[in-house]
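Participant: predicted coordinates and the sequence they were generated for:
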Amino acid sequence: MGKWLLMLQDCDSEVEQLEYVKTTLPERVALADIRDKMKDLYSRNTGFRIKKDAITEKQRNLQMEVNTVVARKKIFDRKMRSGQLFSSREIEAMTKEIDNLDMRAEQLQDEQFELMLDLEELEQELDGLQTEVDQLSTRSDQLLKIVNSKINSLDTKIQSAMKRRTEIERHVPGDIIYRYDTIRMRAGGVGAARLQNGKCSGCHLTVTPASITSTRVDSNVAVCENCGRFLIEDVWN
Ligand SMILES: [Zn+2]
């Protein structure tokens, strides 16, 4: 029976190893890294969009002010050209008002120009972000394909190991398998160990011949008095 227990152990260790490979694929790590970068890009993108909205709002307000200034100037110009008689004080006041409006119009133009530059800069930043997002998406798609294909191939190997386990189980009594599984679960995945030079290969402690005799469950299977694992002696001889 010892031979079968060791084969069971090999099968289970193989499955465990394959499952470990599955969860630690480097492509998965790279994908997680991309996800973090994407999150960062999205939050930067949101920041830029908010800024852009603020600039657009300012532009709208400025445009409204420009429209008002232009309309007021038209009224004054029309009055001045109407040929009506105005007193010199009125003319002076109107000229001053027109000058003020001209000045304000110039200021507004400058402000509009500044905003346009800000907007251009922001749009460049947004374009840059989009390029980064596109590149990361492409890379992420490639990695996903690799991960899926690797997982499929690992799953096939796992399934074949499980199938082998079912075959092996037929050669071991159910209560021994139950005990083996229980020990395996609490002893780091190892339920059956070899007895080598008087030591258990599971816990590496010396096992006394007396304990081997007292715990023997089969011609070449005993139980380690230290760790509780099944101990298999010289199975292949
Ligand atoms: Zn042991």
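Facilitator: Okay, I see it.

Participant: what ranges do the strands span in the chain?
Facilitator: Assigned by DSSP state E, the chain shows strands spanning 192-196, 199-200, 221-223, 230-232.

Participant: for this structure, which spans come out with low pLDDT?
Facilitator: The chain contains residues with pLDDT under 70 at 235-237.

Participant: near the ion, which residues of it are found?
Facilitator: Residues of the chain found near the ion (Cβ under 5 Å from the ion) are 200, 202-203, 224, 226-227. The C-beta positions use only the backbone N, C-alpha and C, and glycine is treated the same way.

Participant: which of those fall in helices?
Facilitator: If you go by DSSP state H, the residues of the chain next to the ion have nothing in helices.

Participant: most widely separated two among these?
Facilitator: Across the residues of the chain next to the ion, the longest distance by Cβ to Cβ is 8.5 Å; it joins G202 and N226.

Participant: tell me which of the two has more neighbours.
Facilitator: For G202 and N226, the more surrounded residue by other Cβ atoms under 10 Å is G202, and the numbers stand at 23 against 16.

Participant: now do the contacts for the more buried one.
Facilitator: Residues in contact with G202 (Cβ atoms under 8 Å, 6 or more residues apart in numbering) are 187, 190, 193, 224, 227, 229, 231.

Participant: name the nearest residue to it, ignoring sequence neighbours.
Facilitator: Of all residues not flanking G202 in the chain, A193 sits nearest, at 3.3 Å (Cβ to Cβ, 6 or more residues apart in numbering).

Participant: hmm, the one you found is touching I232, no?
Facilitator: Yes. A193 is within contact range of I232, at 7.2 Å (criterion: Cβ atoms under 8 Å).

Participant: what's the longest helix in the chain?
Facilitator: helix 88-169.
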